[in-house]
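Visitor: from the sequence below, what's the structure:
(chains A and B)
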Number of protein chains: 2
Amino acid sequence: MFHSTSSIVRSALTSNIKMSSSATRSLTTAKSIIYSTHGEPKDVIKVHTYTIKEPEDNEIVLKTLAFPINPSDINQLEGVYPSKPEKTLQYNTTEPSAIAGNEGLFEVFKTGPGVSSKFQIGDRVVPIFANTGTWTSHNIIKEDQLIKLPKDLSIVKGATIGVNPATAYQLVNNYGLIKGDWLIQNAGTSAVSQMVSQIAKTKGINVISVIRDRDDFDAVAERLTSQGATKVISESQNGDRDVGKELAKLTGGNIKLALNSVGGKSSASIARKLAPGSKIITYGGMSKQPVTFPTSLFIFKNIQALGYWVTENTKADPAGKVKDTEEIVKLYQSGQLKELEVVESVWKLDEFSDEQVRDLIVKGLENSSKGKQLIKIE
Amino acid sequence: MFHSTSSIVRSALTSNIKMSSSATRSLTTAKSIIYSTHGEPKDVIKVHTYTIKEPEDNEIVLKTLAFPINPSDINQLEGVYPSKPEKTLQYNTTEPSAIAGNEGLFEVFKTGPGVSSKFQIGDRVVPIFANTGTWTSHNIIKEDQLIKLPKDLSIVKGATIGVNPATAYQLVNNYGLIKGDWLIQNAGTSAVSQMVSQIAKTKGINVISVIRDRDDFDAVAERLTSQGATKVISESQNGDRDVGKELAKLTGGNIKLALNSVGGKSSASIARKLAPGSKIITYGGMSKQPVTFPTSLFIFKNIQALGYWVTENTKADPAGKVKDTEEIVKLYQSGQLKELEVVESVWKLDEFSDEQVRDLIVKGLENSSKGKQLIKIE
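Guide: Now for the predicted structure:
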């Protein structure tokens, strides 16, 4: 009998198609909050349902447990955030789209054939990087882009570990502070600042927290000092020269780091209190005013003004992010770091219509100025 | 005969006294501009005459050829400059005093017995460090605190080599710029900025100089480009977004360093033009306004805002200052760097009364806002 080459080729092709078809056969149905354009978040988000295929190689299919709505997620939807995911057709949309959200806690649902035994079904993981898309029921992420968390860490702690605690941890640890040093920070009541105080306390680093003037100053100051702040002052005290002299005495002129998330006069006032050669790190701009520094601080005191952004820092040093996340887990487990305060809502996956899912997210977006919103998926 | 021990001791003591008297015998008479308190410069300076002794060990007695009146000298007299010499009784004053001035060209007048053969009578030298006192007919400085200059370098170049050209040279060279890079600077017509452009040109570094809006903009821009500036823009163009886009195109987004000696809005506008991860160096504050930066530059563009001060840089790296001074001499000798423009006055050492010397200095102080004053001693 005569076998033509073409028939062998044909047979191989058929086999390939079969293999390919097997590899991409559907695993589950996913529902994601996607966007293809930027603008007012509630106008650009859509609820999209599609099929998730079997994971290949070192891919892991993940089921989402919870995700927060962060201010940066909103800015990303608005198109005013410099970090954004590529929009693709991989979710079977007609227009290139991306899944919203940058932070979230996942459960391993199915592992690809090349995934190491480190990851087992039911394990809890968070993405290392931003832009993976977390406002979704499921996602597919490669194993080398995931950090495994212990199963007994609370859902809130896990779902919010990548941005606020990571920022606080790296701000305290990345600038060479040692036991006995002082740092000064404005926006002392913010989530990050409160975590900075707690983490600094574990290292014997003293913290001066500057908070806005308010009627219940003493009560707030007491709460912050009980958490770890060594000293709490108001913004008007921050701008007062005599208070500056008192703090110089209290600290022995040993304020080695300033953390600025406010800008304007507040940034100048915390910078003035620094020891020569110290750094002031800007990581936020709540006042919406530009950062301001007296010229003499640069020339005569050699103050260095730098920026910090957890997204970029993670890209530059992913291994550092993994290590720091593991340290944050330990701080949570030892009780040295308090869980972030969040407002929880539940997305009932099997019950909610697309309209209900959309309403839930829109309500979360609207309320996000009142407190960190967390969506749990059940 | 009997020699008592005490007579031997007495003899040794006498000999010691003789030696000491010989070592401290007077060499010449000096006249210095001194001050013992701070305030309005013309009110605190005094002309003081005293005896200079023979140099010991590695001391060199110097005769002054010329010294400039720098703004920092004035601020030092006012007491508002963070660098100041110790006030001592070494000039035989009744109150602890210091000699004014921080820069000047000297001639070797007499070398101490331990001075190396590198320094010969008649050699020209400048002090490495600030605070040695240069508004004086003579001074005594140890050899390791002097930089030898070639005799054929002009008196103006020598007497002003330590501050403005050193600042310009280190600003261009200390921040990792390479051929083809761009830098942007404000105060484009200042003495330092003009030198920055000339030095940058020798290294193939492109310069954008921002100058104040003025009627003769084109003529000034032409003069600055002929010296080395690649492009000259006005402060209103500096604040214009469209100009920013044009410059981004022109430079290929390759502006790696910003030099700020103005502050306020101007500092924000030059910082905005920087490539991600670049540095803005503040070394002056002509506008008297604080330095201002958009928050986003720190967080999302990782811009680093640092300070530069030649005085501190010299203390931190004296060998670098010596090396850089030698490089500046080469640039002067090759004609690549133009001599600073100064207004000269002459102090006739053998003719002027103390009153006349004082008047000369007071006139220099008064005129120093109109141009750099240089006092030559003849």
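Visitor: spatially nearest residue to the residue of the stretch 1-150 of chain A found nearest chain B (excluding sequence neighbours)?
Guide: Using Cβ to the nearest Cβ, A:Pro82 is the residue of the stretch 1-150 of chain A that sits closest to chain B, at 4.5 Å. All C-beta spots, glycine's among them, are computed from the backbone N, C-alpha and C. Setting aside the residues directly before and after it, A:Pro82 is nearest to B:Phe300 in space (Cβ to Cβ, 6 or more residues apart in numbering or on different chains), at 4.5 Å.
Visitor: A:Gly307 versus that neighbour, what's the distance?
Guide: Applying Cβ to Cβ, to the nearest Å, the value for B:Phe300 to A:Gly307 is 8 Å.
Visitor: more neighbours, the two?
Guide: Each of B:Phe300 and A:Gly307 had its neighbours counted (other Cβ atoms under 10 Å in any protein chain shown), and the higher figure belongs to A:Gly307 (23 against 17).
Visitor: how close does the residue nearest the centre of chain A sit to A:Tyr35?
Guide: Within chain A, the residue whose C-alpha comes closest to the C-alpha centroid is A:Val163; the distance, by Cα atoms, centre = their mean, is 2.1 Å. Between A:Val163 and A:Tyr35 the distance is 20 Å, computed by Cβ to Cβ.
Visitor: next to chain B, which bits of the stretch 51-200 of chain A? Give me the list.
Guide: Applying the criterion Cβ under 8 Å from any Cβ of the partner chain, the portion of the stretch 51-200 of chain A that neighbours chain B consists of A:Pro82.
Visitor: where do the helices sit along the stretch 51-200 of chain A?
Guide: Listed in chain order, the helices of the stretch 51-200 of chain A (DSSP state H, counting those that start in this stretch) span residues A:71-78, A:155-159, A:164-173, A:191-202.
Visitor: how about these in TSV, adding mean neighbour count, distance to B:Gly239 and mean pLDDT?
Guide: Shown next, in TSV, are those (neighbours: other Cβ atoms under 10 Å in any protein chain shown; distance: least, Cβ to Cβ, whole Å; pLDDT from 0 to 100):
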stretch	mean neighbour count	distance to B:Gly239	mean pLDDT
helix A:71-78	19	25	96
helix A:155-159	21	43	98
helix A:164-173	23	32	98
helix A:191-202	23	33	98
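Visitor: picking up where we left off before, ok, the residue nearest to the centre of chain A - contacts?
Guide: When contacts are counted by Cβ atoms under 8 Å, 6 or more residues apart in numbering or on different chains, A:Val163 is found next to A:Pro68, A:Asn70, A:Ser72, A:Asn102, A:Glu103, A:Val310.
Visitor: ditto for A:Pro294
Guide: With contact set as Cβ under 8 Å, 6+ apart, A:Pro294 has these partners: A:Ala268, A:Ala271, A:Arg272, B:Pro290, B:Val291.
Visitor: which of those tops the neighbour count?
Guide: Of those, with other Cβ under 10 Å as the count, B:Val291 tops at 30 neighbours.
Visitor: I figured A:Gln304 was touching A:Thr282, is that so?
Guide: No: at 11.4 Å, A:Gln304 and A:Thr282 do not qualify as touching, with contact defined as Cβ atoms under 8 Å.
Visitor: so for the two, which sits in the more crowded spot?
Guide: Neighbours per residue, other Cβ under 10 Å: of A:Gln304 and A:Thr282, the larger number sits with A:Thr282, 26 against 19.
Visitor: tell me the secondary structure for the residue nearest to that one when sequence neighbours are not counted?
Guide: In this structure, A:Thr282 finds its nearest non-sequential neighbour in B:Phe298, 3.9 Å apart by Cβ to Cβ, 6+ apart. Assigned by DSSP: H, G, I helix; E, B strand; the rest coil, the conformation of B:Phe298 is helix.
Visitor: and A:Leu331, how many neighbours?
Guide: Residues within reach of A:Leu331, counting by other Cβ under 10 Å, total 18.
Visitor: quick one: it is in a helix?
Guide: Yes: if the criterion is three-state DSSP, then A:Leu331 is within a helix.
Visitor: what does the pLDDT read for it?
Guide: Reading off the confidence values, A:Leu331 has pLDDT 98.
Visitor: ok, it to A:Leu153 distance?
Guide: Using Cβ to Cβ, we find A:Leu331 at a distance of 11 Å from A:Leu153.
Visitor: and what of A:Leu177?
Guide: Noted for A:Leu177: a distance of 27 Å to A:Leu153, by Cβ to Cβ.
Visitor: so what's A:Glu222 up against?
Guide: Residues counted as contacts of A:Glu222 (Cβ under 8 Å, 6+ apart): none.
Visitor: and the closest residue to A:Ala191 other than its chain neighbours, what does it touch?
Guide: Excluding the flanking residues, the one nearest A:Ala191 by Cβ to Cβ, 6+ apart is A:Asn164, at 5.0 Å. Contact analysis of A:Asn164 by Cβ under 8 Å, 6+ apart lists A:Ala191, A:Val192, A:Met195, A:Leu340.
Visitor: do the same with A:Phe293
Guide: Here A:Phe293 is in contact with A:Ser267, A:Ala268, A:Ala271, A:Ile280, A:Ile303, A:Ala305, B:Pro290, B:Val291, B:Phe293, B:Ala305 (Cβ under 8 Å, 6+ apart).
Visitor: quick one: which of those residues sit in helices?
Guide: Taking DSSP state H, the ones among the contacts of A:Phe293 that sit in helices are A:Ser267, A:Ala268, A:Ala271.
Visitor: separation between the last one and A:Phe217?
Guide: Just to be clear, that refers to A:Ala271. Taking Cβ to Cβ as the criterion, A:Ala271 is separated from A:Phe217 by 23 Å.
Visitor: now swap in A:Ala168 and tell me
Guide: Taken as Cβ to Cβ, the spacing of A:Ala168 relative to A:Phe217 amounts to 23 Å.
Visitor: thinking again about what came up before, closest to chain B out of the contacts of A:Asn164?
Guide: Closest to chain B out of the contacts of A:Asn164 is A:Val192 (12.8 Å), distances taken as Cβ to the nearest Cβ.
Visitor: ok, the closest one - contacts?
Guide: With contacts taken as Cβ under 8 Å, 6+ apart, A:Val192 has the following neighbours: A:Asn164, A:Thr167, A:Ala168, A:Leu171, A:Ser261, A:Tyr283, A:Gly284.
Visitor: where exactly do the strands run in the stretch 51-200 of chain A?
Guide: Counting by DSSP state E, counting those that start in this stretch, the stretch 51-200 of chain A has strands at residues A:59-69, A:98-99, A:105-111, A:124-127, A:138-142, A:146-149, A:182-185.
Visitor: ditto for the stretch 251-378 of chain A
Guide: For the stretch 251-378 of chain A, applying DSSP E, counting those that start in this stretch gives strands covering A:255-260, A:279-282, A:291-293, A:304-307, A:342-347, A:372-377.
Visitor: now these in JSON lines, with mean pLDDT and distance to B:Ile233?
Guide: Supplementary listing: the strands of the stretch 251-378 of chain A in JSON lines, determined by pLDDT from 0 to 100; distance: least, Cβ to Cβ, whole Å:
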{"stretch": "strand A:255-260", "mean pLDDT": "98", "distance to B:Ile233": "30"}
{"stretch": "strand A:279-282", "mean pLDDT": "98", "distance to B:Ile233": "27"}
{"stretch": "strand A:291-293", "mean pLDDT": "97", "distance to B:Ile233": "24"}
{"stretch": "strand A:304-307", "mean pLDDT": "98", "distance to B:Ile233": "25"}
{"stretch": "strand A:342-347", "mean pLDDT": "98", "distance to B:Ile233": "49"}
{"stretch": "strand A:372-377", "mean pLDDT": "98", "distance to B:Ile233": "45"}
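Visitor: neighbours of the nearest residue to A:Ser83 once chain neighbours are set aside, just the number please.
Guide: For A:Ser83, the nearest residue in space outside its immediate sequence neighbours is A:Thr311; the separation is 4.9 Å by Cβ to Cβ, 6+ apart. A:Thr311 has 20 neighbours, counted by other Cβ under 10 Å.
Visitor: ditto for the one 3 residues further on
Guide: Neighbour count for A:Thr314, taken as other Cβ under 10 Å: 22.
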